[in-house]
Every structure is written in structure tokens, then in C-alpha cells.
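here is a sequence together with a model predicted from it:
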2 protein chains.
Amino acid sequence: MPDFDTDLPSEIDRVLTDFLRRAGDPIRQVEPTFGPAVDALSDFVLGGGKRLRPTFAWWGWRGAGGDPRSAEAEGVLRAVASLELIQACALIHDDVIDSSDSRRGSPTVHVAFAEHHAQRRWLGSPEAFGQAAAVLIGDLALAWAEDMFAESGLAPTTLAGARPAWRAMRTEVLAGQYLDVHTQATGDASAEAALRVDRLKTAAYTVQRPLHLGAALAGAAPELIDALLDFGGDLGVAFQLRDDLLGVFGDPSVTGKPAGDDLREGKRTLLLALGLTYAEEQGRDGERKVIADAVGDHRLTGAEVDDVRAALVDVGAVAEVERRIEELTGTALASLRRAALAEPAEARLTELADRATRRTS
Amino acid sequence: MPDFDTDLPSEIDRVLTDFLRRAGDPIRQVEPTFGPAVDALSDFVLGGGKRLRPTFAWWGWRGAGGDPRSAEAEGVLRAVASLELIQACALIHDDVIDSSDSRRGSPTVHVAFAEHHAQRRWLGSPEAFGQAAAVLIGDLALAWAEDMFAESGLAPTTLAGARPAWRAMRTEVLAGQYLDVHTQATGDASAEAALRVDRLKTAAYTVQRPLHLGAALAGAAPELIDALLDFGGDLGVAFQLRDDLLGVFGDPSVTGKPAGDDLREGKRTLLLALGLTYAEEQGRDGERKVIADAVGDHRLTGAEVDDVRAALVDVGAVAEVERRIEELTGTALASLRRAALAEPAEARLTELADRATRRTS
């Protein structure tokens, strides 16, 4: 008998592998041409990712009293693993929106399909073909997420209880992505705008709603769900702030991304917003200019990234972001204790919070 | 008490309006910036469309014994109306994929958001912003389709019985769209390729699965569902072949589309495939060249469209497509009679079949 608590990532991979085969086989038979699209989605989902959302959802369920030795544990595992398919849609479409070339060290889906087209010297634009394929494969991921969730084998009343979380999560992540695109377009460099994106796109989608979903699958009381939402909101923002610091200061050999890539992509983060505000308040025009000019400069050199790092440290933005991470982690853990979860969920979520806010990659 | 059978389109609009408000209000409060995206989706869904898919689904339910005066009729109406949200996703993403400028006489979603960006002189490319917004709004439509279906108020066991139809429909339309893009890219001009796209993208998605869904919601027996799938498959292809004829021969004042637009867009249809094959078999090089050169020529003039029309008539392609529409409609109606549906469903579906295959717009 599998030990779900211990082997969670590999158990999630097992049910995803199984679902993708069952969902893919009928349509491959009906229309073999669609095979490469199904393969691309399977490779994307099974090829990486930290399984963060299913993990939070699983511990939300366990903490609200879900029993891993019960008959429904396998169904819960399938229901929470479906979050990886929503994430696949979000990332594949995000890469189209940002025109990103690579993800997890491989070509993004739209780039891979453009190359497929170019190699075969097909008609029309390879880029347009790649984009079309990626839009449709992202849609497929979203449709299949619903299928995996709804057909997880859980009792209809159990699933119905989790629908408010499921519903909110999908709308919130789309609103967060739209807000992100909108904020880039308007050039809103305020700390407030950065925090709103963090609250929707990371906190709600990655931590709060998965915990909510898991707890609701265990039939949790509203007070417990409220405490988990508080925990998840603060932890999720702290998680994103750590991510922002790593995007500028992370070691490329550990993060797997070139140093300063967040700067080149023009990502609007709280770190940069504070850097600009503090530089201005302190009358440090040089530092302000170094930071402002770097954001969105695709040809930023390594030496220029170093200058931005120095400026962000000097004006005190890094220290302030570290302080907020510390503070948010503290309030998050206080909410977690208030939730009074069944062990080992509290210990495991404390460990996850620690890893998420202190990590180096 | 509303008479669902008679006022079906306006009843569908009523439940869509209600759903879009209930789904939109919470997220507008959380993030007002997302408001224009929600508005765009609402306007798109409520702004037009023939409600074809919900109509087939409704009559599938009625034909399998569903009672419009029963307590569950309102839930069925909501469940079948959700098909309009899937269709919104399909069309909004299709317009991105095809870079189409207008739909139903209005700018497409990506064009409208690009204009919104340009008018405000925001940062970056208006086109990229428009495309990002349209990808996310299409995703929202797909997520909300699922919410509307799952939260229609029908009993969980009723919904569970309809999931095979629901599941197949969403995967099949995406496979059909992918096949369409793929066929354009490979330049496969065969009649066989055109028919495969028709079977998946139109027949399965527009007629077969909606009928299947409705009948399954009424708990129909497998034999009845099989007969409806046969009816829908043949009718759906006949419907698409009529559409193909109208795309070349339709009166712009009736269809609302410029004459010959399907030719300019390079749509690969059975009509064109037969035109090319027949011209070649008959050694009519002139006709073959007229047809081949027109496909995908964005600057095709009205006089050139006339030449293509004449060529398609002369080689016999038009007569053959008309013959197939006739034949498919005949086999479709035979399958419908085999289904032995409860009246007035048989009469209404016969009427729909007649309208779909003889229509002028």
C-alpha cells in the first residue's frame, strides 16, 4: 500500500500519468493527427514542476481530518493532482503571452511547434502555427483539469463541497494574469500594484485556494477554512517576494535561470517598486536611474545586473523585502496554529512554509 | 410560467445573463481591473449567435423524455446554455489563431483590446496586449462553461450521466481545431482531409455531442443515443457543406460576410477539394488554376470570386456537394426516425435539419 504522505510527488505523478493515458487514448484513435498535441501536454505535465499546488491541497485535506488510509484517499489524490493541469494551461498560455522561448530548460510549447513546422517546411508562418498549437494545447489542459477533477471518483456531494474553492481558483488566476499584463501595459510601478498581482496570481492561486480545496474535500468547518485562507494569503505573498529576490539575486547554477532575467523581462515586483521609491525619497538619482533603466532592457549585461543589485541593497529595498517576508511568514504561521490542524499536517505545512520562504531556487 | 419549447433562444439568453452576473460580480469586487475582461466576455456571449448547440441539446433532452414542466427543466436549460460559453472560448481563440479582425460585424476581442491599449497610449505593443487579453478571456469562458454546467442545479447523478458527452465534446472540438490548423499548414487539399475536419469540428461538436448531452441528461438508453449520434453526424456534415457553399456563393447582404471571404482566408473545404480534383480529371487546366490560385489570396477581387464560382459550377463540384447534402440529410432523417423520439422533438429536429441544410445565411 502506497504511503501517500511520504511519496506525495511520485504518487501525484502516478495518477497524472494514468489520467493522461486514459484521456489521450480515445482521441488519438479518433484523430491520430492530434497525437503530437496530446504528447506535448503529457510531456509538459510529467516533465517537471514542484507539485506545489497539489501538495498544499493534500495537506489541507489531511489537516482537516482526511485519512490517507481511507477508501477515498486515491480519489482525493486525483482531485488535487488535477491542479497540475490548470497550472499547465496557465504556463503554456503565459509563455505565449510573454513570447518566452524556454521553460524548465526546454523550448516552450509554442516554440517547439514552430520548430516542428519549420523543419517540415509547411505552409505559412511557423510562429503562427506554434502559437495556434500552444493556445489549443493550453485549452486542452484546462478542459482535462475539469475532467480529472470531476471524474476523480469522489462522491458527488464531496466534490460539490469543494466547488466554491475550485471555482474561485480558476477565475482568480485568470484575473491575476490579466492584472499582470495590464500592470505591465500601464507601467504602474507602484508597490500597491505589485502586491495586488502577488495576492491574486501567487497567493490565491498557489496557496490559498489549493488549501481551501483540500480542506473542503474533507468537509472542513468555515473557521478552519478561514484560518487556512489567512495562512495561505500571507505565505503566498512571502513566497512571491522570495521569488522576486531570487529573480534578481539568485545563483543561476541553482535557479536554472540566467541571472537578472526578471529584470530583462520587465517584471514589476515589489522589490523594484520599493527600490525606485526609496531611491527617490533619498534623493539618490543615480540608483534610481540604474534601476529604472534596467527594467525591461533585453540586452542588460551581467555587469549592469550587478549595478542594479548594488542599488537595491544600498537604498534599503532588499532589507525591506526580507523584513516583509519575515513578518508575513510570522503572521502566516500564527494563522496556521489558529487552524489547529490534525498532525502531521501542521508540521508538514510549517516545513513547507519554511522551505518556500527561505529557499535558494 | 415560461414556455421553454417556444421561447428557447430567449430563455437561453435569460439563464446566460443571470449566470454571467453571478459569476462576474465576485471577481469584479476582488479586482476591478478585470471588469473590462468580464464585460467583453458577457458582451460576446449575449451579443449574438444562433444558440444552435443548446438548441440541439434541449431537443435531445426533450426527445429522450425530458419534461419541460418538470422541476429540473430550469437546470437542464442552464446545463445546455453552458455550451454557449464553450463556443465563446472556441471563437475567441479561433480569432486569435486566424488573426481575424471582425466577428458578427464587430471587432474581434483581440482587436478590441488592442484598440483599447492604443487609445490609452499604454506601453508595449497594442497587438500583444490584445492577444494576451483574448487568450485569457477565452480561458475564462472555458472555465465558466464548466462552472455553469456543474452548478446548473441538476442532481449529481444526472450530471454524472452526461459527463461522457461533455468530456468528448470538449476534447473533440480542440482536436478538430488543431486538425484544421494542421491541414492548412500541410496544404492537404484532399477531400478526405476536409471531411475529417468537418466530422470533428462541426458534426461532433455542433450537433452530435449536444444531442448526446441532452439525451444523457434525460437518462436515455444507449440505442437512442446511438441513433442520435448517427443523425447528428450526417446532419452536422451536411450543415458544414451548406456553410461551405454559402462561403463562396452566399449573398453578402444575407450572410453578413463579404462574398468569397472563405476563399481569401484559404479555408480548405470539400467544395474546393472536389473542384480541384474534378478539374484535373477533366483536363480543365484553366479552371484548376483559377481555383488553386484563389485559395488564400487575400486580395481576391469580386470578379475573381465570380470566376471561381463559375469554375466550381462548370467542373461539377457544386452539383456534387449539393448531392451529398441531399444524401446526408436523407440518411440523417432516417436515423432520426430510428431514434423514435418523443414528440414534438422529432418534428422540431426535422425542422432544424431542414433549416440547417437549406438555409441561405
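Yep, it's here.

what about the helix ranked longest in chain A, average pLDDT?
If you go by DSSP state H, chain A has its longest helix at helix A:156-186. Confidence over helix A:156-186, taken as the mean pLDDT, stands at 95.

again with stretch A:136-144
98.

contacts for that stretch, please.
By CB atoms under 8 Å, 6 or more residues apart in numbering or on different chains, the residues outside stretch A:136-144 that reach it are A:19-20, A:23, A:37-38, A:40-41, A:44-45, A:85-86, A:88-89, A:92-93, A:96, A:109, A:170, B:89, B:93, B:97, B:135, B:138-139, B:142-143, B:170-171, B:174, B:177-178, B:181. Every residue, glycine included, has its C-beta placed from N, CA and C.

with stretch A:16-36 instead?
With contact meaning CB under 8 Å, 6+ apart, stretch A:16-36 is reached by A:38, A:41-42, A:45-46, A:78, A:81-82, A:84-85, A:116, A:144, A:147-148, B:168, B:171-172, B:174-176, B:178-179, B:182, B:196, B:200.

ChimeraX command for the buried members of those residues?
Restricted to the buried members of the contacts of stretch A:16-36, where burial is judged by 16 or more other CB atoms under 10 Å in any protein chain shown, the ChimeraX selection command reads as follows:
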select /A:38,41,42,45,78,81,82,84,85,116,144,147,148 /B:168,171,172,174,175,176,178,179,182,196,200
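
just the C-alphas of stretch A:152-165, formatted as CSV.
What follows is stretch A:152-165 as a C-alpha-only set of coordinates in CSV (Å, rounded to 0.1, in the frame of the first residue of the first chain):
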residue,chain,number,x,y,z
SER,A,152,-11.8,11.7,-9.7
GLY,A,153,-14.1,9.1,-8.2
LEU,A,154,-15.1,11.1,-5.1
ALA,A,155,-18.7,11.2,-4.0
PRO,A,156,-20.7,13.9,-5.8
THR,A,157,-21.5,15.6,-2.5
THR,A,158,-17.8,15.7,-1.6
LEU,A,159,-17.0,17.3,-4.9
ALA,A,160,-19.9,19.8,-4.6
GLY,A,161,-18.5,21.0,-1.3
ALA,A,162,-15.2,21.8,-3.0
ARG,A,163,-16.6,23.6,-5.9
PRO,A,164,-16.5,27.1,-4.3
ALA,A,165,-12.7,26.7,-4.0
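
now do the contacts for A:G214.
A:G214 sits in contact with A:F56, A:A57, A:W58, A:W59, A:G60, A:W61, A:R62, A:G63, A:A64, A:G66, A:V76, A:V80, where contact means CB under 8 Å, 6+ apart.

so which of those residues would you say is closest to A:S361?
Sorting the contacts of A:G214 by distance to A:S361 puts A:F56 at the head of the list, at 18.6 Å, by CB to CB.

I'd like the mean pLDDT over the helix or strand hosting that closest one, please.
A:F56 belongs to helix A:52-63 when elements are defined using DSSP states H and E. Within the predicted structure, the mean pLDDT of helix A:52-63 is 97.

what is the subsequent helix or strand relative to it?
helix A:73-81.

show the subsequent helix or strand relative to that next one.
The first helix or strand that comes after helix A:73-81 along the chain, using DSSP H and E, is helix A:83-98.

does that following helix come close to chain B?
Yes - part of helix A:83-98 sits near chain B under the criterion CB under 8 Å from any CB of the partner chain, namely A:C89, A:H93, A:V96, A:I97.

so which strand or helix has the closest residue to the last one other than its chain neighbours?
Nearest non-adjacent residue to A:I97, counting by CB to CB, 6 or more residues apart in numbering or on different chains: B:A132, 4.2 Å away. Assigned by DSSP H and E, B:A132 belongs to helix B:126-150.

now the angle between helix A:126-150 and the host helix or strand of A:F113, please.
Taking DSSP H and E as the criterion, A:F113 maps to helix A:109-119. When axes from the mean of the first three to the mean of the last three CA atoms, to 10 degrees is applied, the directions of helix A:109-119 and helix A:126-150 differ by 130 degrees.

tell me the helices and strands packed up against helix A:109-119.
helix A:35-46, helix A:83-98, helix A:126-150 (3 or more CB pairs under 8 Å, 6 or more residues apart in numbering or on different chains; DSSP states H and E).

for stretch A:65-77, which outside residues touch it?
Outside of stretch A:65-77, the residues that reach it under the criterion CB under 8 Å, 6+ apart are A:1, A:3-5, A:11-12, A:15, A:58, A:61-62, A:152-155, A:158, A:214, A:217-220, A:342.

out of these, which are buried?
The neighbour-count criterion (16+ other CB under 10 Å) marks A:4, A:11-12, A:15, A:58, A:61-62, A:152, A:154, A:158, A:214, A:217-218, A:220 among the contacts of stretch A:65-77 as buried.

dump those into JSON lines; add secondary structure as well.
Converted to JSON lines, those look like this (DSSP: H, G, I helix; E, B strand; the rest coil):
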{"residue": "A:F4", "secondary structure": "coil"}
{"residue": "A:E11", "secondary structure": "helix"}
{"residue": "A:I12", "secondary structure": "helix"}
{"residue": "A:V15", "secondary structure": "helix"}
{"residue": "A:W58", "secondary structure": "helix"}
{"residue": "A:W61", "secondary structure": "helix"}
{"residue": "A:R62", "secondary structure": "helix"}
{"residue": "A:S152", "secondary structure": "coil"}
{"residue": "A:L154", "secondary structure": "coil"}
{"residue": "A:T158", "secondary structure": "helix"}
{"residue": "A:G214", "secondary structure": "helix"}
{"residue": "A:L217", "secondary structure": "helix"}
{"residue": "A:A218", "secondary structure": "coil"}
{"residue": "A:A220", "secondary structure": "coil"}
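
A:L229 and A:L211 touch, don't they?
Yes - with contacts defined as CB atoms under 8 Å, A:L229 counts as touching A:L211 at a distance of 7.4 Å.
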